[in-house]
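Q: sequence-free structure coming up:
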């Protein structure tokens, strides 16, 4: 239940970020071409929203099993090999999540000493999207990995 609530919060955050990004870019274009005086802050807001949207969206993609897979190739494999390919896919997602978590945190720590040029916001808050996205990818990839392993080993599948 907690995982489901978290998933809804992450998806809602992606929706809010998309709306803010669209409004922000619209205001930037409006200011440039209609007011003939560009807002200086819209680019920084767009960059921050896009960064968060990318990493949260990647986590949602893992949750919905929409990450990159070679369906045509895997469909031609035997049932047992398909199970192995599924486990391998989840393991690769987990490795990517771990890398994003570890390296993203290192980048976020560096961002503590940097500020955006116009608004003066700490880049820590923008870079924090990387380890948060990696942690969510781990959270969403581990249960299906355990289910895949239990099916491959012939155990009864875990509840969803």
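A: Everything's here; your move. Quick caveat: nothing in here was measured; it's all calculated off a predicted structure. Numbering: from 1, shown residues only.
Q: Moving C-terminal from the least confident helix or strand in the chain by mean pLDDT, which element do we reach first?
A: Least confident helix or strand, the chain: helix 71-75 with a mean of 74, by mean pLDDT, DSSP states H and E. Next helix or strand after helix 71-75 toward the C-terminus (DSSP states H and E): helix 79-111.
Q: So which elements touch that following helix?
A: helix 42-63, helix 71-75, helix 124-127, helix 129-153 (3 or more CB pairs under 8 Å, 6 or more residues apart in numbering; DSSP states H and E). Just so you know, the C-beta spots here come from the backbone N, C-alpha and C atoms, and that holds for glycine as well.
Q: avg pLDDT for it?
A: For helix 79-111, the mean pLDDT works out to 90.
Q: Pretty sure residue 65 sits in a strand.
A: No - counting by DSSP: H, G, I helix; E, B strand; the rest coil, residue 65 is not part of a strand but coil.
Q: Residues contacting the least confident helix or strand of the chain from elsewhere in the structure, which ones?
A: Applying CB atoms under 8 Å, 6 or more residues apart in numbering, the contact partners of helix 71-75 are 82, 85-86.
Q: and what of stretch 111-121?
A: Contact partners of stretch 111-121, identified using CB under 8 Å, 6+ apart, comprise 40-41, 43-45, 48, 122-128.
Q: at 7 Å instead, please
A: The contact list for stretch 111-121 (CB atoms under 7 Å, 6 or more residues apart in numbering) reads 40-41, 44, 122-124, 126-127.
Q: Could you check how far residue 125 is from residue 113?
A: Distance, residue 125 to residue 113, using CB to CB, to the nearest Å: 13 Å.
Q: More neighbours: those two, which one.
A: Each of residue 125 and residue 113 has its neighbours counted (other CB atoms under 10 Å); residue 125 has more, 15 against 9.
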